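Peer 1: sequence first, then the predicted structure:
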Amino acid sequence: MRPGEAGRSKAVSQRSEAESRRGKTEAGRSRCGAGRGARSRGSDGPAPSNGACYSSKHARSFSKTSSRGTTAGPAHKNVIQDDSAVTLYLHGSHLVVQHPRWPAEDVLLPLVWLRDHCRCPSCYNTTTHQRQTDVRDLVFDVHPSQFAVDQSGTSITITWHDGHESKYSLQWLWENSYISQKYRQMQQDRVWKRCLWDAWTAAREDLPTVHHDQFMQDEAGVRQMLKGFLTHGVVTVTGVSASLEATRRVIERVGAVQNTIFGDVVQVFHCLHHDGTGGETTLVDGFAGLQRLHAADPAAYQLLSTEPCLARRLRFNPYDRAPARHLSPARLEPFYRAYQRLAETLLSPRLERRLRLTPGTVLFIDNWRVLHGRAAFTGRRVMCGGYGCLPYSHSV
């Protein structure tokens with residue numbers, strides 16, 4: 001299976017195929033970030049207990065009063081008195097934030113992480129956006145003697161055991177918290193989630209498609225096309241004029257045309273004319289193949305995933321392989337055996353689906369996921385193709 005049918009031509013190119021043949025796919029140092037001189041505990045004594053709790057309702061602060069007791073509000077579940085309240089409390093080595101407008105009920109912020117991310121002028125240069133602390137001075141056994149939410153409910157202030165004071169925007173804390181990253185991933189999964197496919201799924205569901213008019217005139221059409229590209233690795237735009245210029249406009253709707261055959265992500269095909277038979281485009285979801293390889297031969301998968309040939313993206317082109325000079329003699333035969341298993345998996349008919357391209361249908365292919373080739377054909381066949389990239393596809 002050869003990786004592409006556009007040939008070695010520039011940008012959008014047109015060619016005529018007249019005979020049947022096989023198809024081949026890092027500031028100065030500051031100690032305020034818990035410096036070495038700050039290793040002893042402050043006069044306030046040990047850290048507050050896990051039950052320390054604070055609500056922003058009247059913008060009062062929590063403070064440590066003695067080593068045996070703390071000033072603490074009621075149990076944190078009862079602190080929020082209305083929808084504008086923000087609750088803070090300590091839990092072990094974390095500050096927990098409850099915000100009525102955050103989707104997560106409890107956001108745990110490690111105290112060492114908070115100290116490391118102090119944004120006071122001696123810790124952080126807001127002009128260059130660089131830390132001014134030395135990570136070698138970071139103290140892990142750090143604890144606050146006092147913390148509070150401001151009157152506006154938009155930021156919190158922490159006074160640490162050594163007297164240093166830090167202030168954080170609640171919005172910044174949410175955007176940079178671990179749980180917000182997980183939440184964003186869940187949101188993304190609800191918008192698009194990778195769909196693996198093979199020959200069997202091809203028989204019961206179509207590849208994603210969008211009509212040319214909707215794609216060119218409506219942003220919803222662009223989102224539909226990009227969603228299909230992200231979920232399936234392939235998507236078609238139908239109803240396109242069978243011309244070089246129309247194909248170029250379709251490509252440029254979502255990204256710049258690359259002036260090289262080595263496109264970053266996307267390869268595009270458009271059949272302008274075919275008066276014979278055959279010539280179906282063959283498509284294989286490489287990620288579905290890798291899933292099968294992982295299940296059938298974990299050792300082969302592990303070996304290949306640690307070599308440059310695979311990594312996070314799938315690169316499979318056995319016809320243009322470079323000499324394996326990066327492999328020691330002891331690793332060469334295991335590599336060949338694993339690569340053979342990969343080839344047998346990816347080239348299995350059970351993974352392949354075929355699509356006959358006709359004038360008016362433009363096919364977008366994710367070159368880092370989908371293997372593609374072409375079956376033999378008869379007659380005269382004129383193809384138009386291009387290479388592009390979709391740099392903002394995940395943000396759309």
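Peer 2: Arrived safely. Numbers count the residues shown, from 1 in each chain.
Peer 1: now residue 293: which helix or strand?
Peer 2: Assigned by DSSP states H and E, residue 293 belongs to helix 286-296.
Peer 1: quick check, distance from that helix to the centre of its chain.
Peer 2: With Cα atoms, centre = their mean, to the nearest Å as the basis, helix 286-296 stands 20 Å off its chain's centre.
Peer 1: what packs against it?
Peer 2: With contacts defined as 3 or more Cβ pairs under 8 Å, 6 or more residues apart in numbering; DSSP states H and E, helix 286-296 has these neighbours: helix 298-305, helix 329-346. Yep, even glycine has a C-beta here, placed from its N, CA and C like the rest.
Peer 1: and the contacts of the first one?
Peer 2: Contacting residues not belonging to helix 298-305 are listed as 290, 293, 294, 310, 311, 334, 335, 337, 338, 339, 341, 342 [Cβ atoms under 8 Å, 6 or more residues apart in numbering].
Peer 1: also the last one?
Peer 2: When contacts are defined by Cβ under 8 Å, 6+ apart, helix 329-346 is touched by residues 1, 284, 286, 289-290, 292-293, 296-297, 299-301, 303-304, 307, 309-310, 316, 318, 324, 327, 351, 371.
Peer 1: for residue 106, give me the pLDDT.
Peer 2: Residue 106 is assigned 86 on the pLDDT scale.
Peer 1: any idea how far residue 179 is from it?
Peer 2: In this view, residue 106 and residue 179 are 8 Å apart by Cβ to Cβ, to the nearest Å.
Peer 1: what of residue 358?
Peer 2: Distance from residue 358 to residue 179, by Cβ to Cβ: 49 Å.
Peer 1: how is the chain partitioned into domains?
Peer 2: Domains of the chain are assigned by automatic domain parsing as 13-25+193-284+351-395, 36-163, 287-346.
Peer 1: distance to residue 174 and mean neighbour count added to those domains, as a markdown table?
Peer 2: Supplementary listing: the domains of the chain in a markdown table, determined by distance: least, Cβ to Cβ, whole Å; neighbours: other Cβ atoms under 10 Å:
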| stretch | distance to residue 174 | mean neighbour count |
| --- | --- | --- |
| domain 13-25+193-284+351-395 | 19 | 18 |
| domain 36-163 | 6 | 16 |
| domain 287-346 | 28 | 15 |
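Peer 1: worst mean pLDDT among those domains?
Peer 2: Sorting the domains of the chain by mean pLDDT places domain 36-163 lowest, at a mean of 69.
Peer 1: re the thing from before, from the contacts of helix 298-305, pick the one nearest residue 91.
Peer 2: Nearest to residue 91, judged by Cβ to Cβ, of the contacts of helix 298-305 is residue 294 at 37.9 Å.
Peer 1: picking that back up, what's the closest of the domains of the chain to residue 172?
Peer 2: So among those, domain 36-163 is nearest, using Cβ to Cβ, at 8.0 Å.
Peer 1: count the neighbours of residue 349 for me.
Peer 2: 10 (other Cβ atoms under 10 Å).
Peer 1: any idea how far it is from residue 200?
Peer 2: Taken as Cβ to Cβ, the span from residue 349 to residue 200 is 11 Å.
Peer 1: ok but residue 139 is inside a strand, no?
Peer 2: No - counting by DSSP: H, G, I helix; E, B strand; the rest coil, residue 139 is not part of a strand but coil.
Peer 1: next, it: phi, psi?
Peer 2: Backbone torsions of residue 139, given as degrees, to the nearest 10, read phi -100, psi 130.
Peer 1: that one contacts residue 133, doesn't it?
Peer 2: No - using Cβ atoms under 8 Å, residue 139 makes no contact with residue 133, being 11.2 Å away.
Peer 1: what segments of the chain are helices?
Peer 2: Secondary structure of the chain (DSSP state H): helices at 111-116, 170-175, 178-191, 199-202, 212-217, 219-232, 244-252, 286-296, 298-305, 329-346.
Peer 1: any idea how far the first one is from the middle of the chain?
Peer 2: Using Cα atoms, centre = their mean, the distance from the centre of helix 111-116 to the centre of the chain it belongs to is 26 Å.
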